[in-house]
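S.K.: okay, sequence plus prediction incoming.
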Amino acid sequence: MQAEFTKSMRKTHTIYMPQMLYYHNDLLCAAFAFGGYKLKVVPEYPHHENETASLINKDYCTCATGIIGNILCFLKDAACDPDKVAFLEPQAGGACRAGNYYNLIIECLHKIGYDHIPVISLNYQGKEKHNGFRINARMLMAAVAAVCYSDLLMTLVEQIRPYECNAGEADRLREKWIARLSDAIAHGKKIIGRKKIYDHIIRDFQKIKTEKKELSKVGIVGEIYIKYSPIGNCHLEDFLRKRDCDYRQGGFLNYCIYVVYSDMKNKELLRNKKIELAAYQKVIDFLCNIQKGVTHALRVHGMKSDGTFGEMTKIKEEILSEYYNIGDGWLMAAEAIDLIHQGYNKILIVHPFGCLVSHVGGRGVIKAIKDKYPDARITSIEYDYDQSKTLRESRLLLAIS
């Protein structure tokens, strides 16, 4: 039977989530602190795939191996107190096998004798509830603020770091702002949508001295875990930085809106009540309005920004229907086209081996995008824990050369 996360555990337990969102982890932890929870990230361990060999079917994708393997390694770490931890697994729903990870983690813990460790499902549909874990409206607003500021800092670092005169300056400035924003979010200060703070952050980054360089411009799109997690993509960013690439990846907020939008479209096909669809649209409109504040601030200061969700829905009409929303669906194609419009003519579509949803949504649109943008070089890169590092890196080198 699944262990319950109780109200008393808020004070005694630390919740650990997978390393999925490198640029967003710190501020999301601050949002949870505002809600009264201690949230941390599961560390990365070498050879974590060995831990899953006897516990889960090898047909599970690379994402399952990365997430569950590191959890199992963490439980063996001397720094872990199994009696004072809980695990959190984010779930977007849909056709992806990630929907099974929640139960799979519980089953693995059962097999190795840790039935007492609670596993929490983080989803916006209110499934798999625990008495001691609730996300109220204030905590949700803090999480939205965390995503907005994280997206802003991510795009600024990615644009400035390749051209900085003093190596490490952009990263140090990001750490400074992370500390300042973490404190504000954790203490519930009203910072969401604050234009002055956006402007202050952007001006700070624009003070960094840069130099003009001719760099290979690379856009990264793909399955959400492989795209953002250094574990999932085998530290792709480090690989590109060492080879003097100017690379970009789309922000997380567009994905969050996409998940809600996709669920609304599915319910629309099922002819759900209009009042329910209207509620979905209100949430989407709210998030889109918040997003516009970040986008406007970047563009006013002459910085590149992701296309807004509204712009993305128009871009994808060139390629796919809005009802193709399985997995990362049409958003993957829209992000690729958006990056091509911004001058990133080498696109890496990254996805886990064994993920049919990602293969159809990723590889399936390559020809259609190439037909419209013949000068773009689009390469599909698979990630698998059994894969040869030399083979993967040779494909990457061909893609960015």
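M.R.: Okay, I see it. Residues are numbered from 1 along each chain as shown.

S.K.: okay, CA-based contacts and neighbour counts for the rest of this
M.R.: Will do.

S.K.: V365 is in contact with M332, isn't it?
M.R.: No: between V365 and M332 there is no contact under C-alpha atoms under 8 Å: 9.1 Å.

S.K.: show me which of those two is the more surrounded one.
M.R.: Under the criterion of other C-alpha atoms under 10 Å, the comparison of V365 against M332 puts M332 first, with 24 against 17.

S.K.: list phi and psi for the more buried one.
M.R.: phi -60, psi -50 (degrees, to the nearest 10).

S.K.: how about I290?
M.R.: Backbone geometry at I290, expressed as degrees, to the nearest 10, gives phi -60, psi -40.

S.K.: can you count the residues close to I369?
M.R.: Residues lying near I369 (other C-alpha under 10 Å) number 20.

S.K.: make sure it is indeed in a strand.
M.R.: No: in this structure, I369 is helix, not part of a strand, as judged by DSSP: H, G, I helix; E, B strand; the rest coil.

S.K.: let's see the helix or strand of the chain with the lowest mean pLDDT as CSV, backbone CA atoms only.
M.R.: Least confident helix or strand, the chain: helix 356-362 with a mean of 70, by mean pLDDT, DSSP states H and E. Taking Å, rounded to 0.1, in the frame of the first residue of the first chain, the C-alpha atoms of helix 356-362 are listed here in CSV:
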residue,chain,number,x,y,z
LEU,A,356,7.2,6.5,-29.8
VAL,A,357,5.3,9.7,-28.9
SER,A,358,8.5,11.8,-29.3
HIS,A,359,9.6,10.0,-32.4
VAL,A,360,6.3,10.7,-34.2
GLY,A,361,6.3,14.4,-33.0
GLY,A,362,10.0,15.0,-33.5
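
S.K.: who touches it?
M.R.: Residues outside helix 356-362 that contact it (C-alpha atoms under 8 Å, 6 or more residues apart in numbering) are 95-96, 222-223, 326-330, 332-333, 349, 351-352, 380.

S.K.: those in strands, which ones?
M.R.: Of those, the ones assigned to strands by DSSP state E are 222, 349, 351-352, 380.

S.K.: these into a markdown table, with extra columns for distance to L277, pLDDT and neighbour count?
M.R.: A markdown table is the format used below for the ones in strands among the contacts of helix 356-362 (distance: C-alpha to C-alpha, whole Å; pLDDT from 0 to 100; neighbours: other C-alpha atoms under 10 Å):
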| residue | distance to L277 | pLDDT | neighbour count |
| --- | --- | --- | --- |
| G222 | 28 | 89 | 30 |
| I349 | 32 | 92 | 26 |
| H351 | 31 | 88 | 31 |
| P352 | 33 | 86 | 27 |
| S380 | 36 | 89 | 18 |
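
S.K.: so which of these would you say is closest to L109?
M.R.: Distance to L109, by C-alpha to C-alpha, is smallest for P352 among the ones in strands among the contacts of helix 356-362, at 23.9 Å.

S.K.: for the closest one, which non-adjacent residue is spatially closest?
M.R.: Excluding the flanking residues, the one nearest P352 by C-alpha to C-alpha, 6 or more residues apart in numbering is Y383, at 4.8 Å.

S.K.: equivalent analysis for E51, please.
M.R.: Excluding the flanking residues, the one nearest E51 by C-alpha to C-alpha, 6+ apart is G69, at 5.4 Å.

S.K.: after the strand or helix carrying the one you found, which helix or strand is next? Please name it.
M.R.: Element membership for G69, per DSSP states H and E: helix 62-76. Per DSSP H and E, the first helix or strand lying C-terminal to helix 62-76 is strand 85-90.

S.K.: grab the CA positions of that following strand and hand them over as PDB.
M.R.: Listed next in PDB are the C-alpha coordinates belonging to strand 85-90 (Å, rounded to 0.1, in the frame of the first residue of the first chain):
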ATOM      1  CA  VAL A  85      12.400  11.800   2.800                       C
ATOM      2  CA  ALA A  86       9.600  11.800   0.300                       C
ATOM      3  CA  PHE A  87       9.700  11.800  -3.500                       C
ATOM      4  CA  LEU A  88       7.800  13.900  -5.900                       C
ATOM      5  CA  GLU A  89       7.100  13.000  -9.500                       C
ATOM      6  CA  PRO A  90       5.700  15.700 -11.900                       C
END
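
S.K.: coming back round to it: pLDDT value on the residue nearest to P352, please?
M.R.: Listed pLDDT for Y383 reads 88.

S.K.: next: the one 3 residues further on.
M.R.: Residue-level confidence at D386 comes out at 76, pLDDT.

S.K.: now P90
M.R.: 83.

S.K.: and it, how many residues sit next to it?
M.R.: 17.

S.K.: next, the angle strand 85-90 makes with the helix holding G69.
M.R.: If you take axes from the mean of the first three to the mean of the last three C-alpha atoms, to 10 degrees, helix 62-76 sits at 170 degrees to strand 85-90.

S.K.: just the strands in the stretch 251-400 of the chain please.
M.R.: Secondary structure of the stretch 251-400 of the chain (DSSP state E, counting those that start in this stretch): strands at 346-352, 377-383.

S.K.: now S121: which helix or strand?
M.R.: Applying DSSP H and E, one finds S121 within strand 119-122.

S.K.: now that strand, how far from the centre of its chain.
M.R.: Relative to its chain's centre, strand 119-122 lies at 17 Å (C-alpha atoms, centre = their mean, to the nearest Å).

S.K.: please identify which helix or strand holds Y114.
M.R.: Using DSSP H and E, Y114 falls within no helix or strand.

S.K.: go on, R138?
M.R.: Going by DSSP H and E, R138 is part of helix 137-160.

S.K.: report the buried residues of that helix.
M.R.: Buried residues in helix 137-160, counting neighbours by 16 or more other C-alpha atoms under 10 Å, are found at 139, 141-160.

S.K.: show me the contact partners of it.
M.R.: Helix 137-160 is contacted by residues 23-24, 27-28, 30-32, 34-35, 170-171, 174, 185, 188, 191-193, 198, 202, 205, 208, 210, 246-249, 251-253, 290-291, 294, 303-305 when judged by C-alpha under 8 Å, 6+ apart.

S.K.: before I go, just wanted to say thanks for your time.
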